[in-house]
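*Asks:* no sequence on this one, just coordinates:
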């Protein structure tokens, strides 16, 4: 055997050895022409998933319903302005043919014939993505529960103050009005004592649903403790808050909590405040509304009072 034949044999054995190694990997490895996208090589994993190249382009083999190169193709990132390789680009994509998620490591390298090609190593990360999504959903649910009053499904005190700070910040930036309604259910302890805590819970839920029907989508309605509620109204004046408070007062009075052995209505006392030259913070807004609320209680309850 001549030296030339020995060199050819060595090259063939080396190629077979490399191909054997690549075919044994549990990951997609392919090579495509960086200009034409022609698929030059694809390992066994890739052939099993997407079939043989048969002279087709990478996006024709590896994707589905593609009329051209993929929108997420990294080829433009693999070469610099002088046409030199830039190094490895790492992306995560969902394959359109099998809907599996892959982490892709792409790089431009010189091929055996001298042209530049793209080599990609893509590992299936579908299970990891599913776990990440489950964790994200669990986190969002935990955040929701942390901001939700479990009895009424309204915002709780934590959510009220967090959202309130954002609303006051935007109001200050944009010089827009903000109003606040605080209301407290009248003689709520007597409802619990006379009809039981189940009736008390039913009353709180009924009040929450009535209030939800009356407030605007932009308003922050919250149960901030016990039988005390608040409505923070962005871009609303004191007069607009007064109108809403009176409407809520009438709706509560008209509502009947009825069971086989009892029927009653539950009124509320209201305190209303709004931003002004002296009241510029959420704490000050609450303090003013609280003063008005206690005035309403001291004056006989079931009424609306405005901060002086």
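*Replies:* Yes, it's here. It should be emphasised that the depicted structure is a prediction, and the values quoted were computed from it without experimental measurement.
*Asks:* Okay, now the sheet partners of the helix or strand hosting residue 31, with direction.
*Replies:* Residue 31 is part of strand 28-33 when elements are defined by DSSP states H and E. Sheet pairing for strand 28-33, assigned by DSSP bridges, gives strand 39-42 (antiparallel), strand 116-124 (antiparallel).
*Asks:* Give me the contact list for that strand.
*Replies:* If you take C-beta atoms under 8 Å, 6 or more residues apart in numbering as the criterion, strand 28-33 is touched by 22, 38-43, 45-46, 49, 57-58, 62, 102, 111, 115, 117-123. Every C-beta, even on glycine, is put in place using the N, C-alpha and C of the backbone.
*Asks:* JSON lines for the strands paired with strand 28-33, including mean neighbour count and mean pLDDT?
*Replies:* Shown next, in JSON lines, are these (neighbours: other C-beta atoms under 10 Å; pLDDT from 0 to 100):
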{"stretch": "strand 39-42", "mean neighbour count": "21", "mean pLDDT": "94"}
{"stretch": "strand 116-124", "mean neighbour count": "20", "mean pLDDT": "95"}
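*Asks:* Quick one: those strands as a markdown table, columns for distance to residue 298 too.
*Replies:* Output for these, formatted as a markdown table (distance: least, C-beta to C-beta, whole Å):
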| stretch | distance to residue 298 |
| --- | --- |
| strand 39-42 | 82 |
| strand 116-124 | 69 |
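*Asks:* out of the ones you listed, which comes closest to residue 219?
*Replies:* strand 116-124 (47.2 Å; C-beta to C-beta).
*Asks:* For this structure, which residues score under the pLDDT cut-off?
*Replies:* Within the chain, the stretches with pLDDT under 70 are 1-15.
*Asks:* domain parsing for it?
*Replies:* Following automatic domain parsing, one gets these domains for the chain: 3-125, 147-306.
*Asks:* how distant is the shortest one from the center of its chain?
*Replies:* Translated: domain 3-125. Between the centre of domain 3-125 and the centre of its chain there are 35 Å (C-alpha atoms, centre = their mean, to the nearest Å).
*Asks:* where exactly do the helices run in the protein?
*Replies:* Counting by DSSP state H, the chain has helices at residues 3-23, 44-50, 58-62, 75-78, 126-146, 157-174, 188-195, 197-214, 238-254, 282-298.
*Asks:* Mind giving me the packing neighbours of the third one?
*Replies:* So the one you mean is helix 58-62. strand 28-33, strand 39-42, helix 44-50 (3 or more C-beta pairs under 8 Å, 6 or more residues apart in numbering; DSSP states H and E).
*Asks:* what's in contact with it?
*Replies:* By C-beta under 8 Å, 6+ apart, helix 58-62 touches 28, 30, 32, 37-39, 42, 46, 50-51, 53, 66, 68-70, 73, 95, 97, 118.
*Asks:* Now do the buried residues in that helix.
*Replies:* 58, 59, 60, 61, 62 (16 or more other C-beta atoms under 10 Å).
*Asks:* try the last one
*Replies:* Using 16+ other C-beta under 10 Å as the burial criterion, the residues of helix 282-298 that qualify are 282, 284-286, 288-293, 295-297.
*Asks:* Need these in CSV (columns: distance to residue 272).
*Replies:* Shown next, in CSV, are the buried residues of helix 282-298 (distance: C-beta to C-beta, whole Å):
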residue, distance to residue 272
282, 15
284, 14
285, 10
286, 12
288, 9
289, 6
290, 11
291, 11
292, 6
293, 9
295, 11
296, 9
297, 14
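*Asks:* Among those, pick out the one closest to residue 253, please.
*Replies:* residue 296 (14.0 Å).
*Asks:* Show the contacting residues for the closest one.
*Replies:* Residue 296 touches 269, 270, 271, 303, 304, 305, counting by C-beta under 8 Å, 6+ apart.
*Asks:* Ok, residue 273 next?
*Replies:* With contact set as C-beta under 8 Å, 6+ apart, residue 273 has these partners: 179, 180, 238, 241, 279, 285, 286, 288, 289, 292, 306, 307.
*Asks:* can you redo those as JSON lines with distance to residue 216?
*Replies:* Supplementary listing: these in JSON lines, determined by distance: C-beta to C-beta, whole Å:
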{"residue": "179", "distance to residue 216": "11"}
{"residue": "180", "distance to residue 216": "14"}
{"residue": "238", "distance to residue 216": "16"}
{"residue": "241", "distance to residue 216": "11"}
{"residue": "279", "distance to residue 216": "21"}
{"residue": "285", "distance to residue 216": "18"}
{"residue": "286", "distance to residue 216": "20"}
{"residue": "288", "distance to residue 216": "21"}
{"residue": "289", "distance to residue 216": "18"}
{"residue": "292", "distance to residue 216": "21"}
{"residue": "306", "distance to residue 216": "20"}
{"residue": "307", "distance to residue 216": "21"}
